[in-house]
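Chemist: model the following, please.
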Amino acid sequence: MEQQVNGNANVQQDIDYVKIVKIVLSRWYWVASTVIIALVIAYIYLWYTPETFSTSASLKFDEKKSEISELLNVRNAYDRTNKMQSEQFVIRSREVLMNAVENLDYKISFFLKGRVRTSDIYPQKPLHIAIIEQDSLDFTRSLFEYEPIDSKSFKLSHQQNGQEVVKTYQTGQIIAVPGIKFKITNSTFSTNNSSIYCFKFNSPSNFIGRIASGLNMTETKGTNILSLSQTDKNPFFATDVLNAVIKSYVSYDREQKTISATQTIDFIDSQLQNMSNAVKTSGSELEQFKVANKVLDISATGQDVMKKLTDLETEKNTLNLQGIFINQLEKEIVNNKNLNAINYNLQGITDPMLGSLLAQYNTLLSEREAALATFKSTSDKVQLIDKQILDIKSAFVSNANSQRQKNQKTIAFLEQQIGSIKQTFNTIPKAERELINLTSNAAINQKVYSYLSEKKLEAQISKAAITPGATIVDFALYNTNAIAPIHKKTYISALIMGLVAGIGLVFLVRMLNPYIYDKETIESLTNIPIIGVIRKYQDAIDEDNRQILSIKNPKSLFAESVRSVRTNLSFLASEKQSKVVCITSEISGEGKSFTTVNLASTLSLIDKKVIVIAADLRRSKLQHTFKVSNLKGLSSYLSNQTELSEIIFDTEVENLRFIPAGPVPPNPSELLYSDKMKHLLEELTKSYDFVIVDSAPVGLVSDAIPLIRMADVNLFVVRSGVSRYQAASVPERLSKEFNLSNIAIILNAFDNDILHSRYYTTNYTGSYYANYYYYSDYSNTGYGSGYYSDEPDKKWWEFWKRK
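Modeler: Sure, this is the predicted structure:
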């Protein structure tokens, strides 16, 4: 990234990826801590979280016909479209799940109590519990805790009305609790077994939520295979219940399809029962008549009359049966609230139109069920199908009425013919007439009975031809491998989360940081050059700066960094033999006085005559460093209370002299703006090579402004970790406001902590930076320590220490 600054210089910033890595590694112990915490949390999670197991089974959906159906071409009335989607709702239905639970040993659940959690131990039954009496609905669902005392007695505890009930019982003793009586006929007492078992009584409904929440179904694309899976905390329960569910569904599916056929058979059975009695009665009467009247045969004329009469009566009775059948069918269609398919075989019984309407009705039911798999019952598509179903019902009722009316007319016509035939009986002897009537009734009843038996057989064949719409492809198998939580995956996830949290913490601290820490930050915020970087002094420093540290430890990295500032200072205002150097900062506490003392002392070591002026008339502490009195000083001289010679003091450092601030005046700004201050600096430059002025902070008061304008060189101190970002913009603002070209920045108290350093490098090109400065960076830990410093190397585990 490159941009132009002030029209003279180009600033190019490049991301330093190596430095990003170093930033993270500088707080490796943060990352290590978050990783350890994450792994501990993962361990606790695995300890307290029960394992989840899964098993699977599969169903194949196809509307197939049985061999009987293929042989006799019996229609399968329940052809579904989009079956797999619609049947998933059926599998999840309460009725199917309840039937599945009924096939399990569900009445008592057993648990093993552990130190952390209580686990379901299905199908194990450590206790033999015999239920003597139980209310089917209202019985206690509390968890009973069984603790054996010896081989013949035990302690049983449970919650009742919010209170814990603890009682001691004998093995085999009847125990009565709300809604249930039972007894425990064995004991788990053992000197080597300290396990505590629990149990509870269940109803089928207790398992519905548990099964439904763990039941999942997915369609295999491009096939008619439905995969089912069951997840549960107990792998054996998951397997058994899934097998029970698919068996229950197949059975339920077939039962739903055979409801109408079953009802047809039941209806015919009821008619057959009545007709069977009629056949027996008519046959018995015929035999009794023959015996009583000793009549064995009927004449040819009688035979002809009887045949005609029998045929007409048989047809009449058949029409009456059809009327009853139509009434029954109409009743079922009108009252079909559950919208189940009706698979009556109407062939030869009713008008073909009724059969066609029944087929359309079943087709619409299939379409509605398929639509419900995608749409709500209130959707336009389902509402349209419901309207079509109502129209079919209405048409069926209308056609059923027409069929009944047609049958009634036919019956009336048959009765006329029967009446006319009976009139010919007058020519036949009385005994023969009675024999004809009895024989005709017996024959009629027998034919009707045979007719009903034939229709029953057809209905039974139709029922046998109906097969379930799904076939079990694979049963569920026991799987004791947990699917969650997976230990390896959990620890890897915790490790990654710990790393991300640790690295995120590093960059969060950086993001929330409002302070300047390194030169790159300053370079990114201002165009003012940095004349030097003064290293942080690692040992304790007294509050009043009583020690001149650059002299006390001349081989330290700190002393070397001060000497680099001294070297770069010679490049500023180099045309002048004697220089006035003003040192300031934005606020107090940034180290301007500390910098003044150490810079002045290093200048004096190269045989330069240096005088330090404590120009912070409000709050100076330099007199403590040089151990002089502050009763007279700069304020006294500027207010004409003393002579110059009286305020210049010698120090312990050769070639270094000092002017204290003096008593705090009421008008420090006016005194520093006076001509006498200007004349003072002019006089001192005649005698000293460097006049170093320690001024007040420019961000707090305006006292330093006249001194900045009088100085040959202005040094603005920015303290690492103390100065905020806005401090870097102050020297540039001063440069523009007072047209200064002699201002530079010193980064004070720079540490090796790379945490807050910039992760990109800034390069400047152009005339503005034609002159640049050398200064020691020491950004690499330990750089030059073997040559410049007597300080001991820091060990890796001493990460809290800074070099």
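Chemist: pretty sure Tyr146 contacts Asn186?
Modeler: No - Tyr146 is beyond contact range of Asn186, at 10.9 Å (criterion: Cβ atoms under 8 Å). Yep, even glycine has a C-beta here, placed from its N, CA and C like the rest.
Chemist: identify the contacts common to these two.
Modeler: Counting by Cβ atoms under 8 Å, 6 or more residues apart in numbering, the residues touching both Tyr146 and Asn186 are Leu127.
Chemist: please identify which of these two sits among more neighbours.
Modeler: More crowded of Tyr146 and Asn186, by other Cβ atoms under 10 Å: Tyr146, with 24 against 13.
Chemist: contact partners for that one?
Modeler: 127, 154-156, 184, 188, 196-199.
Chemist: return the members of those residues classed as buried.
Modeler: 127, 154, 156, 184, 188, 197-199 (16 or more other Cβ atoms under 10 Å).
Chemist: which of the residues you listed sits closest to Arg563?
Modeler: Cys198 (79.7 Å; Cβ to Cβ).
Chemist: mind checking how far that closest one is from Asp120?
Modeler: Cys198 sits 10 Å away from Asp120, going by Cβ to Cβ, to the nearest Å.
Chemist: now Ile528: phi and psi?
Modeler: Backbone geometry at Ile528, expressed as degrees, to the nearest 10, gives phi -70, psi 130.
Chemist: pLDDT score assigned to it?
Modeler: pLDDT for Ile528: 92.
Chemist: name the nearest residue to it, ignoring sequence neighbours.
Modeler: The spatial neighbour of Ile528 that comes closest, neighbours along the chain excluded (Cβ to Cβ, 6 or more residues apart in numbering), is Pro731 at 4.5 Å.
Chemist: from the chain's centroid, how far away is stretch 47-57?
Modeler: 18 Å (Cα atoms, centre = their mean, to the nearest Å).
Chemist: touching that stretch from outside, list them.
Modeler: Here stretch 47-57 has contacts from 116-117, 119, 227-235, 238-239, 242-243, 246, 472-485, using Cβ under 8 Å, 6+ apart.
Chemist: of the residues you listed, just the buried ones, ChimeraX syntax please.
Modeler: Buried subset of those, written as a ChimeraX selection, criterion 16+ other Cβ under 10 Å:
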select :119,227,228,229,230,231,232,233,234,235,238,239,242,243,246,476,485
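Chemist: mind checking which of the contacts of stretch 47-57 are in helices?
Modeler: For those, membership in helices holds for 235, 238-239, 242-243, 246, with DSSP state H as the criterion.
Chemist: can I get those in TSV including distance to Ile444 and pLDDT?
Modeler: What follows is those, written out as TSV (distance: Cβ to Cβ, whole Å; pLDDT from 0 to 100):
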residue	distance to Ile444	pLDDT
Pro235	67	95
Ala238	63	96
Thr239	61	96
Leu242	57	96
Asn243	55	96
Ile246	51	95
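Chemist: burial of Ser54, as a residue count?
Modeler: 20.
Chemist: distance of it from Tyr478?
Modeler: Per Cβ to Cβ, Ser54 is found 11 Å from Tyr478.
Chemist: in which helix or strand would I find the residue lying closest to Ile324 once chain neighbours are set aside?
Modeler: In space, Ile324 comes closest to Gln271 once its chain neighbours are excluded; the distance is 7.3 Å by Cβ to Cβ, 6+ apart. Per DSSP states H and E, Gln271 falls inside helix 259-293.
Chemist: list the helices and strands that helix packs on?
Modeler: Helices and strands touching helix 259-293, by 3 or more Cβ pairs under 8 Å, 6 or more residues apart in numbering; DSSP states H and E, are helix 300-334, helix 430-465.
Chemist: check the secondary structure at the residue nearest to Ile528 for me.
Modeler: When classified by DSSP: H, G, I helix; E, B strand; the rest coil, Pro731 comes out as helix.
Chemist: now do the same contact list for it.
Modeler: 526, 528, 714, 716, 743-745.
Chemist: would you list those residues in CSV and tack on distance to Val40?
Modeler: Listed next are the contacts of Pro731 as CSV, based on distance: Cβ to Cβ, whole Å:
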residue, distance to Val40
Thr526, 46
Ile528, 50
Asn714, 55
Phe716, 49
Ile743, 54
Ala744, 51
Ile745, 46
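Chemist: ok, of the residues you listed, which one's closest to Val701?
Modeler: Nearest to Val701 among the contacts of Pro731, counting by Cβ to Cβ, is Phe716 at 15.5 Å.
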